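**Q** From the sequence below, what's the structure:
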Amino acid sequence: MGDGDTLFDALVIGAGPAGVSAALRLQQLGHSVLLVERSAVWPRAQVGEALTPGVRNIIELLDANDALAEVPHVAHAGSRVLWRSRTPDLLQQAGSAIVDRGRFDAALLALARRRGVELEQPARLLHLAGAAGDWRASLLCAETRCRQVRARYILDASGRGAASRIDCAPRLAAIWGEVDQSALAQLDGATQVEALEHGWLWAGCLPGRRYRLMLVCDPHAARQAGTAAPEARLRAACANSQLLRAAAGLPLLGAVQMCSATPYLAPDSWQDGRLKLGDAAFALDPVSSSGVEKAMRFSLQAAVALHTVLGDERPERHALARRFFEGRLVEACARHAHWTEAYYGQAWCADQPFWQARARCEAVGDGAERPELLAALSTERARLAGYQPPELKPLAGLNPARPLRLHGGAAIVELPCVVDDRVCLQQALDHPHLERPLAFLENEALFPHLARLAQPLPLAQLLQMLADCMPGHKAERIAAWLWQRGLLESVG
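**A** Okay, here's the model as predicted:
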């Protein structure tokens, strides 16, 4: 059988954390994967280096702990943050680390190859024809060899470059350079974060005794003001700061670099037979260090959506998988935009134009071809903005002699959820006291059990009903959780 006759379940374009996470997960789920990476220089230079604690459970799911154990990293030594006032705060974040991202990416890629994911590198896609279920791809491999392959689905994790996108906030640019860590010994290895009138600074230790200095600012405002070249802007920002003034005149370990850092969503992330992952699908505001984690997590969700379609290509399953995929995409962008709006609004210089624009902003851009996606993003952001955590009711008020029922403001809705590695519709509880509809609690499905609470039910009977399909202690905790948040009410 020739290359042109080889049919892969998925052709993944891009071997960064998003692409490799999807490839590993699909391979775990029993699918054949071809991974294509255009860069001959590997590992590539990276902007992001921080890994948040949530990456750990992703690595565990991918069974990648051993592969990544030797990746050089710097345990998070705490942060000195000058944000809400002109006085720095000292913060700790357990479980965070700054890694050698090149080595991290290389370790993930090596693991994928050992697991049976086929790799073409360097290689690039020359031509794509066909349709979902039977794509025909022409690849140029090592600049000398053409290879024809077939794939049922295409996953694009090739990075930024979307032709159309919805910007989730005003534009941002990141400018960064590195200095020798020993020249800043007084910082004790701590990460530094400081709000300035026209942007903010982040600085932190990298493996290899390097210390990265990064300025995040508005590229348009800088150009309009006739500001100097990126290196001069970075040095001027350090000179005007409290925390990093000592770094302003230090020699750099290489050239200063600059890239776009605008958060966005690509409205065409799900096309018929083609999915986008990582930066090809969305980017988060760098004020949070969770970009790598969110990209990897979304790739796992995309892999489950694709697994659902590969196992059952009926139109209704395809529509459900797409609904799940786009729902997770919108939720990731909306939640992050909601958090960053609040964080920008807390800055000591929040009255300045740079900060005002980011503390109160709407998604803008090319949503014409997918107005429903732009509407979903706005709706989710509005829900998050209006959400107020409920005041917890004391358990002493739960009278076992009085029957319980679902609160009058509760509704039962259908929600796409992952069950046994496939997307399915699950009944969920919706209520103003919930940030989002709730289908599972303590890894237990709430429905159809709670549907019986449309009519009053004694507490003992509710507990027995739940205990029929879960441990009794879980049944008690779930009932208490629902009561305390006002999702259950007493009758009589």
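**Q** any idea how the protein splits into domains?
**A** The chain is divided into the following domains under automatic domain parsing: 3-75+98-163+265-325, 395-490.
**Q** how long is the shortest one end to end?
**A** Taking C-alpha to C-alpha, to the nearest Å, the first and last residues of domain 395-490 lie 12 Å apart.
**Q** Off-centre distance for it?
**A** Offset of domain 395-490 from its chain centre (C-alpha atoms, centre = their mean, to the nearest Å): 28 Å.
**Q** try the longest one
**A** For domain 3-75+98-163+265-325, the distance between its averaged C-alpha position and the chain's averaged C-alpha position is 14 Å (C-alpha atoms, centre = their mean).
**Q** Average pLDDT for it, rounded please.
**A** Here domain 3-75+98-163+265-325 scores 90 as its mean pLDDT.
**Q** Report all helices and strands that the longest strand seen in the chain contacts.
**A** Using DSSP state E to define each element, the chain has its longest strand at strand 145-156. Under the contact definition 3 or more C-beta pairs under 8 Å, 6 or more residues apart in numbering; DSSP states H and E, strand 145-156 sits against strand 7-13, strand 123-131, strand 134-141, strand 274-276, helix 291-311. For the C-beta atoms, the positions are set from N, CA and C on the backbone; glycine is no exception.
**Q** Let's have the ones you listed in TSV, adding mean neighbour count and distance to G30.
**A** Below are the helices and strands packed on strand 145-156 laid out as TSV (neighbours: other C-beta atoms under 10 Å; distance: least, C-beta to C-beta, whole Å):
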stretch	mean neighbour count	distance to G30
strand 7-13	23	9
strand 123-131	14	23
strand 134-141	17	20
strand 274-276	23	18
helix 291-311	23	8
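**Q** Distance to L90 added to these, as TSV?
**A** Putting the helices and strands packed on strand 145-156 into TSV (distance: least, C-beta to C-beta, whole Å) gives the following:
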stretch	distance to L90
strand 7-13	42
strand 123-131	47
strand 134-141	51
strand 274-276	40
helix 291-311	24
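**Q** got the contact list for the most centrally placed residue in the chain?
**A** When C-alpha atoms, centre = their mean is applied to the chain, the residue found nearest the centroid is K294 (1.8 Å). By C-beta atoms under 8 Å, 6 or more residues apart in numbering, the contact list for K294 reads 284, 332, 336.
**Q** And the helices in the stretch 351-492 of the chain?
**A** 353-359, 371-386, 459-467, 472-484 (DSSP state H, counting those that start in this stretch).
**Q** need those helices in a markdown table with mean neighbour count and distance to Q301, can you?
**A** Putting these into a markdown table (neighbours: other C-beta under 10 Å; distance: least, C-beta to C-beta, whole Å) gives the following:
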| stretch | mean neighbour count | distance to Q301 |
| --- | --- | --- |
| helix 353-359 | 18 | 27 |
| helix 371-386 | 15 | 16 |
| helix 459-467 | 16 | 28 |
| helix 472-484 | 17 | 25 |
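**Q** Can you check which of the ones you listed gets nearest to A67?
**A** With respect to A67, and counting by C-beta to C-beta, the nearest of the helices of the stretch 351-492 of the chain is helix 472-484 at 34.3 Å.
**Q** what's the angle from the closest one to helix 459-467?
**A** 120 degrees (axes from the mean of the first three to the mean of the last three C-alpha atoms, to 10 degrees).
**Q** quick one: average confidence on helix 472-484?
**A** Rounded mean pLDDT across helix 472-484 is 95.
**Q** got a list of contacts for it?
**A** Contacts for helix 472-484 (C-beta under 8 Å, 6+ apart): 392-395, 398, 404, 441-442, 444, 446, 459, 462-463, 466-467, 470, 488.
**Q** try it again with 10 Å
**A** Contact partners of helix 472-484, identified using C-beta atoms under 10 Å, 6 or more residues apart in numbering, comprise 390-395, 397-398, 404, 406-407, 410, 429, 431, 433, 438, 441-444, 446, 449-450, 453, 459, 462-471, 487-490.
**Q** So which of those residues are in strands?
**A** Short answer: the contacts of helix 472-484 in strands (DSSP E) are 404, 406, 429, 441, 444, 488-490.
**Q** what residues are up against C469?
**A** Shown in contact with C469 (C-beta under 10 Å, 6+ apart): 444-445, 449, 475.
**Q** ugh, wrong one, E70
**A** 103, 107.
**Q** Mind doing that once more with 6 Å?
**A** Listed by C-beta atoms under 6 Å, 6 or more residues apart in numbering, the contact set of E70 is empty.
**Q** secondary structure class for it?
**A** Three-state assignment for E70 (DSSP: H, G, I helix; E, B strand; the rest coil): coil.
**Q** Could you give the backbone dihedrals for it?
**A** phi -100, psi 10 (degrees, to the nearest 10).
**Q** Going forward, the N-terminal residue is numbered 504.
**A** Okay, residue one is now 504; in that scheme the one you just asked about reads as E573.
**Q** Between the two ends of stretch 736-754, how far is it?
**A** Start-to-end span of stretch 736-754 (C-alpha to C-alpha) is 15 Å.
**Q** Tell me the buried residues in that stretch?
**A** Neighbour-count burial for stretch 736-754 flags 736-738, 740-741, 744, 746-747, 749-750, 753 (criterion: 16 or more other C-beta atoms under 10 Å).
**Q** Just give the closest residue to L909, not the sequence neighbours.
**A** Distances taken as C-beta to C-beta, 6 or more residues apart in numbering place L956 nearest to L909, at 4.5 Å, with adjacent residues excluded.
**Q** separation between the one you found and A931?
**A** Per C-beta to C-beta, to the nearest Å, L956 is found 14 Å from A931.
**Q** ditto for P906
**A** 23 Å.
**Q** May I have the helix or strand harbouring A526 as PDB, with CA atoms only?
**A** According to DSSP states H and E, A526 maps onto helix 520-531. Once non-C-alpha atoms are left out, helix 520-531 reads as follows in PDB (Å, rounded to 0.1, in the frame of the first residue of the first chain):
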ATOM      1  CA  PRO A 520       1.500  21.700  23.100                       C
ATOM      2  CA  ALA A 521      -2.000  22.100  21.500                       C
ATOM      3  CA  GLY A 522      -1.300  19.900  18.500                       C
ATOM      4  CA  VAL A 523       0.600  17.200  20.400                       C
ATOM      5  CA  SER A 524      -2.000  17.100  23.200                       C
ATOM      6  CA  ALA A 525      -4.700  16.400  20.600                       C
ATOM      7  CA  ALA A 526      -2.500  13.800  18.900                       C
ATOM      8  CA  LEU A 527      -1.700  12.000  22.100                       C
ATOM      9  CA  ARG A 528      -5.300  12.000  23.200                       C
ATOM     10  CA  LEU A 529      -6.600  10.700  19.900                       C
ATOM     11  CA  GLN A 530      -3.900   8.000  19.900                       C
ATOM     12  CA  GLN A 531      -5.100   7.100  23.500                       C
END
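**Q** Which residues does that helix contact?
**A** 513, 515, 536, 538, 565, 611-612, 615, 618-620, 658, 660, 780-781, 795, 798-799, 802-803, 805-806.
**Q** since we're on the residue nearest to L909, how many residues are nearby?
**A** For L956, the tally of surrounding residues (other C-beta atoms under 10 Å) stands at 21.
**Q** Which of the ones in strands among the contacts of helix 975-987 sits closest to G519?
**A** Using C-beta to C-beta, L944 comes nearest to G519 of those, at 34.4 Å.
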